[in-house]
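Asker: A structural model of the following input is requested.
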Amino acid sequence: MSRITETVKHLLIINCIFFLATSLYGNKLYDLFALHYFDNSLFQIWQPITHMFLHGNFSHILFNMIGLWMFGSPIEQIWGRNKFIFFYISSGLGAAVLQMIYSYYDFNSIFEILINNGFNSEEILNTIKTRRYNTNWLSYISEDQLNHLNESFNLSMVGASGALYGILVAFAFLFPNISLFLLFIPIPIKAKYFVPILIAGDLFFGVSNSFSIGPIAHFAHVGGALTGLAMILYWKKNQFNKNRWDL
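Answerer: Okay, here's the model as predicted:
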């Protein structure tokens with residue numbers, strides 16, 4: 001669609017360096033830089049930022065980096081470096097916040113059921129931390145709820161998808177009539193329709209907990225999109241001047 005702009009190029013390089021590093025050192029880097037549940041001992045204050053530079057596998061980083069190049073470069077050309085970086089990082093942080101809120105709600109709603117049925121909170125937490133389970137729990141919660149209890153507490157979120165969803169929202173506002181294609185559906189759809197459909201799909205999959213392919217943080221996608229939307233609307237309302245970001 002366009003040449004790779006400087007900031008996008010640097011983001012691509014940083015993501016690739018992190019990906020190669022995780023290929024060599026694996027779990028050590030994921031433990032340190034992936035986003036973990038805030039009550040988990042692995043959580044660190046830098047993870048809401050660093051998680052967006054890690055990826056789980058080659059296809060994960062490939063699709064995210066192609067999206068960053070295709071949609072990020074024309075936006076940086078219009079906005080400039082500093083405003084683009086601010087928007088990108090903020091969208092990634094918004095993704096982390098909403099996913100963490102969802103994980104907190106998901107975990108505590110099931111945790112409270114066990115507490116209300118006489119199980120000790122400390123014993124529950126210690127059991128979850130070691131990824132073991134008390135079979136007596138299944139008398140009060142379903143196996144699906146048990147899996148959610150584990151997944152929420154042992155959250156390990158990586159990827160630039162949340163930041164990319166913010167970029168997609170910005171692209172839909174700046175280039176609303178450019179036609180895009182849904183994966184596996186070769187029908188051109190204007191960006192102003194394509195992006196809302198994409199976000200609605202993530203919201204549906206996140207709320208229903210069904211039909212999702214693989215461990216996808218759908219609420220992180222929604223969080224990045226909503227954060228991007230909030231910034232776009234705020235800047236539009238206040239006639240934001242991109243020159244304020246030029247140093």
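Asker: just the pLDDT at Leu183, thanks.
Answerer: Looking at Leu183, its pLDDT is 59.
Asker: tell me where this structure has helices.
Answerer: Ranges of helices in the chain, per DSSP state H, are 6-25, 27-33, 47-50, 58-67, 73-79, 81-116, 121-129, 143-153, 161-174, 191-208, 218-237.
Asker: can you tell me which of these is nearest to Asn40?
Answerer: helix 143-153 (6.2 Å; Cβ to Cβ). For glycine as for every other residue, the C-beta is placed from the backbone atoms N, C-alpha and C.
Asker: buried residues in the closest one, which are they?
Answerer: By 16 or more other Cβ atoms under 10 Å, the buried positions in helix 143-153 come out as Gln145, Leu146, His148, Leu149, Asn150, Ser152, Phe153.
Asker: equivalent analysis for stretch 130-138, please.
Answerer: If you call a residue buried by 16+ other Cβ under 10 Å, then stretch 130-138 has these buried ones: Tyr133, Trp137.
Asker: parallel or antiparallel, which strands does the longest strand along the chain pair with?
Answerer: Looking across the chain with DSSP state E, the single longest strand is strand 185-190. Strand 185-190 has its sheet partners listed here by DSSP bridges as strand 179-182 (antiparallel).
Asker: what stretches of the protein score poorly on pLDDT?
Answerer: 1-2, 182-185, 209-215, 239-247 (pLDDT under 70).
Asker: mind checking how far the residue lying farthest from the centre of the chain is from Ser139?
Answerer: The C-alpha centroid of the chain is most remote from Gly118, which lies 35.5 Å away (Cα atoms, centre = their mean). Distance, Gly118 to Ser139, by Cβ to Cβ, to the nearest Å: 11 Å.
Asker: got the buried residues for stretch 14-25?
Answerer: Asn15, Phe18, Phe19, Thr22.
Asker: ok, stretch 69-88 next?
Answerer: For stretch 69-88, burial by neighbour count (16+ other Cβ under 10 Å) applies to 69-76, 79-81, 83-85, 87-88.
Asker: excluding its backbone neighbours, what's nearest Asp39?
Answerer: In this structure, Asp39 finds its nearest non-sequential neighbour in Phe153, 7.2 Å apart by Cβ to Cβ, 6 or more residues apart in numbering.
Asker: so the one you found makes contact with Ile128?
Answerer: Yes - using Cβ atoms under 8 Å, Phe153 is in contact with Ile128, at 5.0 Å.
Asker: returning to that earlier point: quick one: the buried residues of helix 143-153 as a markdown table, columns for distance to Val195 too.
Answerer: Below are the buried residues of helix 143-153 laid out as a markdown table (distance: Cβ to Cβ, whole Å):
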| residue | distance to Val195 |
| --- | --- |
| Gln145 | 33 |
| Leu146 | 35 |
| His148 | 29 |
| Leu149 | 33 |
| Asn150 | 33 |
| Ser152 | 28 |
| Phe153 | 32 |
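Asker: between those residues, which is nearest Gly224?
Answerer: Using Cβ to Cβ, Ser152 comes nearest to Gly224 of the buried residues of helix 143-153, at 19.3 Å.
Asker: contacts only, for the closest one.
Answerer: Contact analysis of Ser152 by Cβ atoms under 8 Å, 6 or more residues apart in numbering lists Tyr37, Ser103, Tyr104, Asp106, Phe107.
Asker: turn those residues into TSV, columns for distance to Phe194 and neighbour count.
Answerer: Shown next, in TSV, are the contacts of Ser152 (distance: Cβ to Cβ, whole Å; neighbours: other Cβ atoms under 10 Å):
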residue	distance to Phe194	neighbour count
Tyr37	33	20
Ser103	28	25
Tyr104	31	15
Asp106	29	19
Phe107	33	21
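Asker: biggest separation within those residues, which pair?
Answerer: Using Cβ to Cβ, those reach their maximum pairwise distance at Tyr37 and Asp106, which is 10.2 Å.
Asker: how about the nearest residue to Leu98, chain neighbours excluded?
Answerer: Once flanking residues are discounted, Leu98 sits nearest to Gly223: 2.8 Å by Cβ to Cβ, 6+ apart.
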